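S.K.: what would the 3D arrangement of this be:
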Amino acid sequence: MRAVLVLLLAIALGPTACATYREDLNRGQRMYEANQYEQALAIWRVLEEDSDSLSPSDRVRYAYLRGMTDYRLGFRADSRHWLALAKATHQAHPGSLNTAWEERLEQSLTDLNQDAYGATDNSSAGSSHAVEYGKASPADSGGAVDAGSGSAAPGPPLEPGRCRSNADCKTGEICDGKSCTPL
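M.R.: Numbers count the residues shown, from 1 in each chain. From the prediction side, this is the model:
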């Protein structure tokens, strides 16, 4: 009798658990879209353990948002992992991402794959339209990017409030569109 009661309780609460995971996914997406990447990443890390409880299209969305959050925060290896997973899952379940997200996924993966495999043609490295906050591009720095460290060679001095990367900004600010912006 007790086993039947436990089974009925589990069946009754099962849809609630899935709804909770989806709400966590939605909450994390709102944080990501509000540029609150650290808070979004905290949600993604908690949700990771239960991501297999999400529907296939929600798993694609989770992997995409997790990868783009890592990308924005400069965790390039993690970003490449999650974006590759999003791409593979999206190919298995087409229609899970909107067109803009698909394009951003491809651009970001192209940029990240250049880190992993190296760029064979310098003209292809400059054709990426993906923007990673916190990392200066070679065009922005006026110098070459050191392939070993990913850091830009020193360029000309900047005007106050202008930046090439987060390192050029004061504490509590980030480099956004070549200008230091408060967090």
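
S.K.: going along the chain, name the helices of this structure.
M.R.: 2-33, 37-48, 56-73, 76-92, 99-117, 122-125, 138-141 (DSSP state H).

S.K.: now those as TSV including mean neighbour count, mean pLDDT and distance to Glu159?
M.R.: C-beta: built from backbone N, CA, C; applies to glycine. Shown next, in TSV, are the helices of the chain (neighbours: other Cβ atoms under 10 Å; pLDDT from 0 to 100; distance: least, Cβ to Cβ, whole Å):
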stretch	mean neighbour count	mean pLDDT	distance to Glu159
helix 2-33	13	69	30
helix 37-48	18	93	26
helix 56-73	23	94	25
helix 76-92	18	94	28
helix 99-117	16	90	27
helix 122-125	11	43	27
helix 138-141	14	46	14
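
S.K.: wait, which of these is closest to Arg164?
M.R.: Of all the helices of the chain, helix 138-141 sits nearest to Arg164, with 4.9 Å by Cβ to Cβ.

S.K.: ok, back up a step: same list (the helices of the chain) but as JSON lines, adding distance to Asn166.
M.R.: Output for these, formatted as JSON lines (distance: least, Cβ to Cβ, whole Å):
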{"stretch": "helix 2-33", "distance to Asn166": "18"}
{"stretch": "helix 37-48", "distance to Asn166": "12"}
{"stretch": "helix 56-73", "distance to Asn166": "10"}
{"stretch": "helix 76-92", "distance to Asn166": "14"}
{"stretch": "helix 99-117", "distance to Asn166": "17"}
{"stretch": "helix 122-125", "distance to Asn166": "21"}
{"stretch": "helix 138-141", "distance to Asn166": "13"}
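
S.K.: quick one, domains of this structure?
M.R.: 2-117, 155-183 (automatic domain parsing).

S.K.: next, the buried residues of the shortest one.
M.R.: Residues of domain 155-183 classed as buried under the neighbour-count rule (16 or more other Cβ atoms under 10 Å) are 163-166, 169, 173-176, 180.

S.K.: quick one, what contacts the nearest residue to Leu112 once chain neighbours are set aside?
M.R.: If the residues on either side of it in the chain are set aside, Leu112 comes closest to Arg80, at 4.1 Å by Cβ to Cβ, 6 or more residues apart in numbering. The contact partners of Arg80, taken as Cβ atoms under 8 Å, 6 or more residues apart in numbering, are 67, 109, 112-113, 115-116.
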